[in-house]
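S.K.: for reference, the sequence and a predicted model appear below.
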Amino acid sequence: MKMITDWPGDVDLSLAEDEKDKVISLLIEPFGNETEAKTFWQSYGNSLFIASTNDTVNTLLSLPEQLKEQINHSLTYPEFVEKVPSSSSGQSLILTLSIMNDEGGGNYILFLPECPLIELINKGF
């Protein structure tokens, strides 16, 4: 699982360009523009986790305890779950958000197609 703590628009997400544009658009949506979204992201400790087909419950269980708790909370209590059409596989990417602090900062998880962890949304591990 890849963890990104910088504004994702400035980072290589290893996605097709149109997929990245769709994800960034969802991250910007509550703020109106990228500048406001980026400022909020930097101020309140947001993170984006990218879960791929190689990520399983066993790989999550091997993470440090604090990170494991964050991811489990994010899987169990998502504020929203959004499908993002994938151009490469025809399947959807799934983006979730879980609010982690009073200021509204949180953890996003982007599930790549066929990621086995998708089944854990609303259940945790």
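M.R.: In hand now; what should we look at?

S.K.: assign a three-state SS to the closest residue in space to residue 93 that isn't next to it in sequence, would you?
M.R.: Leaving aside its sequence neighbours, residue 93 sits nearest to residue 84 (Cβ to Cβ, 6 or more residues apart in numbering; 4.2 Å). All C-beta spots, glycine's among them, are computed from the backbone N, C-alpha and C. Of the three states, residue 84 takes strand under DSSP: H, G, I helix; E, B strand; the rest coil.

S.K.: I'd say residue 84 and residue 108 touch.
M.R.: No: using Cβ atoms under 8 Å, residue 84 and residue 108 do not qualify as a contacting pair, with a distance of 11.5 Å.

S.K.: look at the two and report which has more neighbours.
M.R.: When residue 84 and residue 108 are compared for neighbours, residue 108 comes out ahead with 23 against 19, by other Cβ atoms under 10 Å.

S.K.: I figured the more buried one hits residue 27, correct?
M.R.: Yes: using Cβ under 8 Å, residue 108 makes contact with residue 27 at a distance of 7.2 Å.

S.K.: what about the residue nearest to residue 93, distance to residue 103?
M.R.: The spacing between residue 84 and residue 103, counted by Cβ to Cβ, to the nearest Å, is 25 Å.

S.K.: could you count how many residues lie near the closest residue to residue 46 other than its chain neighbours?
M.R.: Of all residues not flanking residue 46 in the chain, residue 105 sits nearest, at 5.2 Å (Cβ to Cβ, 6+ apart). Using other Cβ under 10 Å, residue 105 has 15 other residues around it.

S.K.: show me the contacts for residue 105.
M.R.: With contacts defined as Cβ atoms under 8 Å, 6 or more residues apart in numbering, residue 105 is in contact with 40, 43-46, 99.

S.K.: find the centremost residue of the protein, please.
M.R.: residue 109 (2.1 Å; Cα atoms, centre = their mean).

S.K.: what ranges do the helices span in this structure?
M.R.: Along the chain, counting by DSSP state H, helices occupy 17-28, 34-43, 57-61, 65-76.
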